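Peer 1: Provide a 3D model corresponding to the input given below.
(one chain, ligands or ions: 2)
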Amino acid sequence: MSVKYVAESKLPMPWGVFTMVGFEDIETGKEHVALVYGDVAGDTPVLARIHSECLTGDALFSLRCDCGFQLQEALQRIAEAGSGVLLYLRQEGRGIGLLNKIKAYHLQDQGADTVEANEQLGFAADMRDYSMCEPMLEHLGITSVQLMTNNPRKVAALETYGVKVAGRVPLQVGKNRHNEGYLATKMGKLGHMMTEHHFNAEDKD
Ligand SMILES: Nc1nc2c(ncn2[C@@H]2O[C@H](COP(=O)(O)OP(=O)(O)OP(=O)(O)O)[C@@H](O)[C@H]2O)c(=O)[nH]1
Ligand SMILES: [Zn+2]
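Peer 2: Ligands and ions are numbered 1, 2, ... in the order given. Predicted coordinates for the structure are as follows:
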């Protein structure tokens, strides 16, 4: 996969003024974004988050997953560190798309777990592709990252595509009673590391 740089602008956020850099995936037409804070170019490992789109969690306040909480926490940590980058990748639903994710949620409402639901729909558990990350980081002058993730398979996948991961930083936030089972399945079936203390989300209902 190859991506091309298209445009950039300032993006003021609650944590500080980031620069938003937009890329187009030449084959699929997908529009990916890098949110950059501070000075990131050079050989020093950069605090980074590779975040997969989750409309429900990132924008619609869903408590079914931990995505929105991770997104906010990562941006806050980057601002606190003084520099860093978040790649916001348009691969909704681990690559199956929003409408298929809603179908998967429907199956989960009836008892399937997140992996079984994907399989019942004829998809692999995780269909994501990380090949756009290296060219996006390269454009920003980033050669090495400290990656905020609980997913060791994401670390391995990135390294396959030439991204140097100098270290992994756990990102455990947003656990609540609606996503406990989902997080347990990610740990049991998808290899996520969630053994450290997990910060609970406020659960109001
Ligand atoms: N197919 C499917 N996708 C989901 C489901 N819940 C969340 N997602 C998607 O999963 C992606 C986030 O992946 P996660 O498995 O939560 O976490 P990760 O990115 O692998 O790992 P972290 O870096 O630790 O967050 C987003 O694209 C979400 O839209 C689900 O039940 N089914
Ligand atoms: Zn989510």
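Peer 1: Quick one: classify residue 72 as helix, strand or coil.
Peer 2: helix (DSSP: H, G, I helix; E, B strand; the rest coil).
Peer 1: what number of residues lie near residue 120?
Peer 2: 13 (other CB atoms under 10 Å). Where C-beta positions appear, they are placed from N, C-alpha and C, glycine not excepted.
Peer 1: unless I'm mixing things up, it is touching residue 112, no?
Peer 2: Yes - here residue 120 reaches residue 112: they are 6.2 Å apart, a contact under CB atoms under 8 Å.
Peer 1: what residues are shared contacts of these two?
Peer 2: Residues touching both residue 120 and residue 112 by CB atoms under 8 Å, 6 or more residues apart in numbering: none at all.
Peer 1: Look at the closest residue in space to residue 116 that isn't next to it in sequence and give its secondary structure.
Peer 2: Nearest residue to residue 116, sequence neighbours excluded (CB to CB, 6 or more residues apart in numbering): residue 107, at 7.4 Å. On the three-state scheme (three-state DSSP), residue 107 is labelled helix.
Peer 1: check contacts around residue 107.
Peer 2: Counting by CB under 8 Å, 6+ apart, residue 107 makes contact with 116-117, 120-121.
Peer 1: who in the chain is up against ligand 1?
Peer 2: Applying CB under 6 Å from any ligand atom, we find that the chain lies next to ligand 1 at 52-54, 65, 67, 70, 91-94, 96, 101, 104, 114, 118, 149-151, 154, 171, 186, 192.
Peer 1: and those near ligand 2, which?
Peer 2: Counting by CB under 5 Å from the ion, 54, 65, 67 from those sit close to ligand 2.
Peer 1: No further queries at this time; thank you.
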